[in-house]
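Student: got a predicted structure plus its sequence, pasted below:
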Amino acid sequence: MIQFNADCRKGVKCSMMTGKEKMQRVFASTAFDRIFKYIKKNPTENIVKMINIAQRLSGGRFPEKNFDAWREAVCDPDNVWNHFAMSIINDCDEAYIKKFLLAFGLGAGINGTKAVRENREKYHCNIPFLILFDPTSACNMNCKGCWSAEYGHKSNLSLDEMRSIVRQGTEIGTHVYMLTGGEPLVRKDDILTLCRENPNCIFLAYTNATLVDEKFCLNMKEVGNLSLAVSIEGNEQSNDARRGSGAYAKSIEALELLKKHGLIYGISVCYTSENVPFVTSDEFLDDMVDKGVKFAFYFNYMPVGKNAVASLIPRPDQRAHMYAWLRKVRNVKSGKPMFFMDFQNDAEYVGGCIAGGRNYFHINSEGDMEPCVFIHYSDSNIRDKTILEGLQSPLFMAYYHNQPFNDNHLRPCPMLENPQYLRMMVSLTGAQSTDLVEKESAEDLCRKCDGFASEWAPIADKLWRENPHPNPKTQFYRDSGDAKKEKQNN
C-alpha cells in the first residue's frame, strides 16, 4: 500500500517531483526558452526541434509514428494541424504556453504516463490518467436536464480534501485533474491554490463562464497550468433553449476575454436530440475558431437523475451522424484547426469505456468515488478510504474485470449502450446511489437507456463492420495471465 505524506493531508505545500523530474523540467524549460525566442522567425524548423526534444524526453514510451506524424503535419503548410500549431504560437502568451507544456507534456504526458503504467502492473487494478472532481455542488444556473441544478449549495470538498486528492493522485501517477460541479469557479481561489502548489500537474475546469473576469484571466496566466472548457451549445437560440436566457452572451464574453489574455481554452458541448444540427454546423465551429478556441469536448446527453429528460438522448441516426461528422472535422486537409474529442464516439481510440479508473473516475462534492461522472453509484468515499483503496473496491474492480463492456467500441458504455452491465455491477457490489437529492436505483436509470441501447446496436454494429478502426493496443484484465488462470480454475 502506498504511504501518503501526513503533512500533505493537512494542507502543507509539498512537491511531488523527484530530483530527476526537476532536472528534466530545468532542461525542458531551458530548451523551450532557447527555441521559442526564434520560433516566430522560423516556426517550422523550431517546432520540429521541440517535437524532437519531446520525443527524447519520452524515452520511447510513445510510438515513433506519433512523433513522425506531428513532424509531417508541421512541415505541410496545408495541413490543418499546421494551422492549429501556428494559432497557438500567434494567439497565446509565451510564458503561459511554457508553463502549460511543462505541466501537460512533461508532468502528465511523460512522467505521469510512466508511473500510471507501472502502478497498474504493481497493484493489479485500474490506475487513472486523470481524476475528475467536484469542488462544490453549487451552481448559479438551471440547465434543462442537468442534475447539478437540483443539488443546492451546501455540498463542498474542503481545500485540504482537494489537496489530498491531488497529492494521492500524483503519488500513483495521475497528473491531470478536471473540475466539474456545480460550477467549479465558485471555488476559484482554492483552484488557483492547487495550481500554484502543483506546477507539474495540469488542471481544467468545466465552467458556465459566468465567473470569468479580467482578474481571473490574469490569475490563469500567472499559474500557467489551468485551462477552461466553456459550456456552449451552438448558436444563441439552441444554447439558451437549454441553458437559459443570456447564457450564450456570457459564454461569448468569456471566450473573448480568454483570447485577449493569450490563454489556452476550449469548449464543452453537450449534444442532445434537439441541438445536433446547431453544434455541428460550420458556422458554429468557424465562430469558435475565430474566438480562439483550441479544443472541443463533446458529450452525449445522459439521462441521469430523477428529473432527467430521456427524450434529450440523441437518436441513433444522430449518433451515426456524429460519428461521420467527427471524421470530417478532423480531416487534415479540410477539417477545422481545433482538437475535437467525443467521449462516446471516440471510445474506439482508447479501447472502450475509460471509466472506473481505467483512464479516469469521478469524486463528487461529498467525497464519493464514482466510476464515472454519469454513474452516480459508489462503495467508497475519500473521507474514510485512500484513493488506492477506492480503486481496489468491489465496484471499481467490477469495472476492471468486465472492461471492455462490448468488443464493438462504438457501444462502450455500461449504462447507455450496455445497461445490463451497470445493473449487474451495482447489484453484485452493493454500491449505493450517490444522488444528493433523490436516490435513483440502477434499474430506474438503466430503464431509460434500454430503448436507445437496443436501437443503436444494429447501427453501431454495421458501422463497426464497414469502417477501419485504430488498434490502441489496450491491455484488458481478461487478456492477463491472472484472468486466464481464473478461467481455467472455474
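Tutor: Cool, got the structure. Numbering: from 1, shown residues only.
Student: and N156, what does it touch?
Tutor: Going by Cβ atoms under 8 Å, 6 or more residues apart in numbering, N156 touches 135-138, 187, 365. Bear in mind the C-beta positions are built from the backbone N, C-alpha and C, glycine included.
Student: ok, it to E417 distance?
Tutor: N156 sits 33 Å away from E417 when distances are taken as Cβ to Cβ, to the nearest Å.
Student: possible to save the contacts of N156 as a markdown table with secondary structure?
Tutor: As requested, these are arranged in a markdown table below (DSSP: H, G, I helix; E, B strand; the rest coil):
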| residue | secondary structure |
| --- | --- |
| P135 | coil |
| T136 | strand |
| S137 | coil |
| A138 | coil |
| R187 | helix |
| S365 | coil |
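Student: now the closest residue to D435 other than its chain neighbours: phi and psi?
Tutor: Leaving aside its chain neighbours, D435 sits nearest to H376 (5.2 Å; criterion: Cβ to Cβ, 6 or more residues apart in numbering). With angles defined as degrees, to the nearest 10, H376 sits at phi -90, psi 60.
Student: helix or strand: which one has the closest residue to R319 other than its chain neighbours?
Tutor: Closest residue to R319 apart from its sequence neighbours, by Cβ to Cβ, 6+ apart: W456 at 6.2 Å. Assigning secondary structure by DSSP states H and E places W456 in helix 442-466.
Student: do you have the strands of the stretch 1-150 of the chain handy? List them.
Tutor: 130-133 (DSSP state E, counting those that start in this stretch).
Student: show me where pLDDT drops low in it?
Tutor: Applying pLDDT under 70 to the stretch 1-150 of the chain flags residues 1-16, 140-150.
Student: spatially central residue in the chain, please.
Tutor: Residue closest to the average C-alpha location in the chain (Cα atoms, centre = their mean): M178, at 6.4 Å.
Student: confirm that that one sits in a strand.
Tutor: Yes - according to three-state DSSP, M178 belongs to a strand.
Student: contacting residues for the residue nearest to it when sequence neighbours are not counted?
Tutor: Using Cβ to Cβ, 6+ apart and skipping the chain neighbours, the partner closest in space to M178 is L132 (4.5 Å). By Cβ under 8 Å, 6+ apart, the contact set of L132 is 177-180, 360-363, 373.
Student: and with 7 Å instead?
Tutor: 178, 180, 360, 362, 373 (Cβ atoms under 7 Å, 6 or more residues apart in numbering).
Student: so which bits of whichever strand or helix holds K221 are buried?
Tutor: Assigned by DSSP H and E, K221 belongs to helix 214-223. In terms of neighbour count (16 or more other Cβ atoms under 10 Å), helix 214-223 has its buried residues at 216-217, 219-221, 223.
Student: chain center to that helix: distance?
Tutor: The chain centre lies 22 Å from the centre of helix 214-223; the measure is Cα atoms, centre = their mean, to the nearest Å.
Student: hey, C-alpha coordinates of it in CSV?
Tutor: In CSV, the C-alpha atoms belonging to helix 214-223 read as follows (Å, rounded to 0.1, in the frame of the first residue of the first chain):
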residue,chain,number,x,y,z
GLU,A,214,-10.2,40.1,-16.0
LYS,A,215,-8.7,39.3,-12.7
PHE,A,216,-9.2,35.5,-13.1
CYS,A,217,-7.7,35.6,-16.6
LEU,A,218,-4.6,37.3,-15.1
ASN,A,219,-4.5,34.6,-12.4
MET,A,220,-4.7,31.9,-15.0
LYS,A,221,-1.8,33.4,-16.9
GLU,A,222,0.2,33.6,-13.7
VAL,A,223,-0.2,29.9,-12.7
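Student: which strands and helices sit next to that helix?
Tutor: If you count contacts as 3 or more Cβ pairs under 7 Å, 6 or more residues apart in numbering; DSSP states H and E, helix 214-223 packs onto helix 188-197, helix 247-260.
Student: dump those to a markdown table, plus distance to S273.
Tutor: Compiled in a markdown table, the helices and strands packed on helix 214-223 are given as follows (distance: least, Cβ to Cβ, whole Å):
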| stretch | distance to S273 |
| --- | --- |
| helix 188-197 | 33 |
| helix 247-260 | 19 |
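Student: okay if I get the buried residues of helix 214-223 as TSV plus pLDDT and distance to D282?
Tutor: Putting these into TSV (pLDDT from 0 to 100; distance: Cβ to Cβ, whole Å) gives the following:
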residue	pLDDT	distance to D282
F216	98	31
C217	98	29
N219	98	34
M220	98	30
K221	97	31
V223	98	35
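Student: nearest to A108, of the residues you listed?
Tutor: Nearest to A108 among those, counting by Cβ to Cβ, is V223 at 15.4 Å.
Student: where along the stretch 301-450 of the chain do the strands fall?
Tutor: Remark: strands assigned in the stretch 301-450 of the chain by DSSP E, counting those that start in this stretch are 339-342, 360-363, 369-370, 377-378, 432-433.
Student: now those strands in a markdown table, with distance to A247 and mean neighbour count?
Tutor: Formatted as a markdown table, the strands of the stretch 301-450 of the chain follow (distance: least, Cβ to Cβ, whole Å; neighbours: other Cβ atoms under 10 Å):
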| stretch | distance to A247 | mean neighbour count |
| --- | --- | --- |
| strand 339-342 | 22 | 17 |
| strand 360-363 | 24 | 25 |
| strand 369-370 | 27 | 25 |
| strand 377-378 | 30 | 26 |
| strand 432-433 | 29 | 16 |
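Student: between those strands, which one is nearest to Y477?
Tutor: Using Cβ to Cβ, the strands of the stretch 301-450 of the chain put strand 360-363 closest to Y477, at 16.2 Å.
Student: now for the closest one, which elements pack on it?
Tutor: Packing partners of strand 360-363 (3+ Cβ pairs under 7 Å, 6+ apart): strand 130-133, strand 369-370.
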